[in-house]
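heads up, no residue letters with this:
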């Protein structure tokens, strides 16, 4: 710690005497080298405070302190930026690995559920439970505000499940009253995933995002069809509004995967329904 | 770089003057702080060479150099260990994230294949292609030396695919001649995954790992059943010998997941075969 303070003071002095790329480089190095220390950021801040005090003391009675303080601030900022950058790189790598592992676990859990014999036994509500689970997991997986899962396995309107922020009245209203038939059509006609952003949302979905969506801004939509092996439609997964930003190509791939898993489960359940 | 050399020299001198935990700590700090530098390891080595030369020069004519060189070597080793440890931590996190992403992509690719309409159309060899793909991917996924996928969808012996090191005659012989029926039985009777290690392998698998396995050491086996929604057996995935170490609980979870995906595909294909 003593070395850091001494180094920081020397580097700051050099920068104040001759501000420039080269002397500022020392700030970058100091910041980078402090990564991994137990109290890295605190040590840097203390070193800065000490160095600034020492520098100002040495100039007492001379020129105004303003420019010196500002220049020292720039030096400190460079130092902190380097620290942050490296620190973030390490943290991001750890976070990314953890998230991927969590997703892999979720997929395995969902797969196990979709292979559960309750679907074969036509247990009451087994398909309803499946829709609910897929809606919840898909919503978490791609970080969407809302997810609908529809299945259509016979005459009559499709059955559906929806996952949304339970405590939000706007979403509750939308989840309950949104008529998904036009957007189911869009996805089925596309024969594959449909990803809408910006003005496309209103253009393609029209009334759906105007009526029951009052008070909500529907700014993104990602739909993927549940398709039978023979090609006919079995339902769809619809994701509404990525929590941050827009749905990505990876979100689309994930939605397609979940739709494929769901379609397999629906179709297998039908196999047993037909045979019984 | 100049600062690193000066610091290294000062820290090494302090250690040689009073070897101990505290002075050795400086080596650790130097190593850790050098992580992220473009030529970190090279810089450390150069700093060590310089410092050692300077230290020995200062002692010319004095005591024998041996103990000094050894002590300096310990100091350098501590320095390098710290560097390696932090460097490895960062690399491991990146590698782990990359591997997880690759696995997620593989799963999506396999899922898409298993939903392909060729399975519905009873395209010739569609099921054979499925077995081959699952065997290859399962083997890569859990880093096994060999993987069998068997499917049994009617009377007659199960069909199978196998993935193994193609250029190894022992594995080629084993892949061709191994009679999997007893191990299929073991997995089906277990009604879930079976993971064998050490002496269990020979105990449970008996002749299978003695006869055609001549020249191979079968030291691990991981089997997972392909189960119909209604509960009956459709086949199995068998993984033989983890490349390094033993099969883990995670490997088992992955094998179960791949077996579930395969079972869904086999059963859906049967649905269309029955209907045609």
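Cool, the structure landed. Everything numeric here is computed off the predicted structure, so don't read it as measured data.

could you chop chain A up by domain?
A:2-93, A:115-275 (automatic domain parsing).

out of those, which gets nearest to residue B:96?
When the domains of chain A are compared by C-beta to C-beta, domain A:2-93 sits nearest residue B:96, at 8.0 Å. Quick note: C-beta positions are derived from backbone N, CA and C, even for glycine.

avg pLDDT for whatever helix or strand residue A:259 lives in?
Using DSSP states H and E, residue A:259 maps to helix A:249-275. The average pLDDT within helix A:249-275 is 88.

other SSEs contacting it?
Where contact means 3 or more C-beta pairs under 8 Å, 6 or more residues apart in numbering or on different chains; DSSP states H and E, helix A:249-275 is packed against helix A:66-114, helix A:126-141, strand A:144-151, strand A:220-227, strand A:233-242, helix B:66-114, helix B:249-275.

enumerate the residues of the stretch 1-150 of chain A near chain B.
Within reach of chain B by C-beta under 8 Å from any C-beta of the partner chain, the stretch 1-150 of chain A has these residues: A:3, A:7, A:32-37, A:86, A:89-90, A:93-94, A:96-97, A:100-101, A:103-104, A:107-108, A:111-112, A:114-115, A:117, A:119-120.

thought residue A:231 was touching residue B:115?
No: assessed by C-beta atoms under 8 Å, residue A:231 is found out of contact with residue B:115, at 10.7 Å.

ok, the two, which is more surrounded?
The neighbour count for residue A:231 versus residue B:115, taken as other C-beta atoms under 10 Å in any protein chain shown, is higher for residue B:115 (25 against 10).

give the full set of residues in contact with that one.
Listed by C-beta atoms under 8 Å, 6 or more residues apart in numbering or on different chains, the contact partners of residue B:115 are A:227, A:229, A:260, A:263-264, B:265.

now do 7 Å
Contacts for residue B:115 (C-beta atoms under 7 Å, 6 or more residues apart in numbering or on different chains) come out as A:229, A:260, A:263-264.

let me have the helices and strands packed on helix A:249-275 in CSV, extended by mean neighbour count.
Converted to CSV, the helices and strands packed on helix A:249-275 look like this (neighbours: other C-beta atoms under 10 Å in any protein chain shown):
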stretch, mean neighbour count
helix A:66-114, 17
helix A:126-141, 21
strand A:144-151, 25
strand A:220-227, 26
strand A:233-242, 26
helix B:66-114, 17
helix B:249-275, 21
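
identify the bridge partners of residue A:150.
For residue A:150, the beta-bridge partners under DSSP bridges are residue A:160, residue A:236.

per-residue pLDDT, it?
pLDDT, residue A:150: 95.

what does residue A:243 give?
On the pLDDT scale, residue A:243 gets 95.

quick check: closest non-adjacent residue to it.
residue A:143 (4.6 Å; C-beta to C-beta, 6 or more residues apart in numbering or on different chains).

tell me the secondary structure for residue A:196?
Under the three-state scheme (DSSP: H, G, I helix; E, B strand; the rest coil), the conformation of residue A:196 reads as strand.

quickly list what the nearest residue to it once chain neighbours are set aside is bridged to.
Once flanking residues are discounted, residue A:196 sits nearest to residue A:221: 4.3 Å by C-beta to C-beta, 6+ apart. Note on residue A:221: beta-bridge partners residue A:196, residue A:240, judged by DSSP bridges.

need the helices and strands packed on helix A:249-275 in CSV (columns: distance to residue B:160).
Compiled in CSV, the helices and strands packed on helix A:249-275 are given as follows (distance: least, C-beta to C-beta, whole Å):
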stretch, distance to residue B:160
helix A:66-114, 23
helix A:126-141, 31
strand A:144-151, 34
strand A:220-227, 29
strand A:233-242, 31
helix B:66-114, 17
helix B:249-275, 12
